[in-house]
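**Q** From the sequence below, what's the structure:
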Amino acid sequence: MLTWLIEDVSLFGKLRGIITPNDFKEDLYHQVAAMMFEQYEREGSVLPAKIINYFESKEEQTEVASLFSTSLHEDMSKMEREKALNEIVQKIREKIKDKFQKEINTECPVEANLKFIDY
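**A** Predicted structure coming up:
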């Protein structure tokens with residue numbers, strides 16, 4: 001998902017309220033997501049070099065750089081990109097919903113917030 005966001009920053013606006021940095025549970029990905037969302041909100045763009053330079057270890061810098069250098073959908077049609085993005089968003093939201101239901105063991109209101117994105 002982070003790679004999609006860096007490739008197409010217009011997705012930040014389309015995914016507002018649907019995907020947040022808190023949806024990324026692995027520490028490194030959560031940190032990167034938080035920095036990306038903050039940069040986008042503050043500057044209207046995301047500068048990968050700023051984020052990569054934040055990390056001190058070479059291993060982390062390499063892993064973060066790989067997020068920004070991976071190209072996911074250059075050979076996909078608009079319809080294929082839209083379908084793939086919707087599937088990713090739906091999987092993320094389903095994981096959140098399942099976790100939420102397990103934690104409180106009740107009906108989850110997140111399902112009502114599942115939206116499909118027009119790419």
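
**Q** Could you point out which residue ranges in the protein have low pLDDT?
**A** The chain contains residues with pLDDT under 70 at 71-74, 96, 99-100, 103-119.

**Q** By residue count, which helix of it is the longest?
**A** helix 78-104 (DSSP state H).

**Q** residues of it that come out buried?
**A** 81, 85-86, 89, 92-93, 96-97 (16 or more other C-beta atoms under 10 Å). The way it works is simple: take the backbone N, C-alpha and C, and place the C-beta from them, glycine included.

**Q** And for stretch 51-63?
**A** The neighbour-count check on stretch 51-63 (16+ other C-beta under 10 Å) flags 51-52, 55, 60 as buried.

**Q** CSV for the residues you listed, including secondary structure?
**A** Shown next, in CSV, are the buried residues of stretch 51-63 (DSSP: H, G, I helix; E, B strand; the rest coil):
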residue, secondary structure
51, helix
52, helix
55, coil
60, helix
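
**Q** Out of those residues, which two sit at the greatest distance?
**A** 51 and 60 (10.6 Å; C-beta to C-beta).
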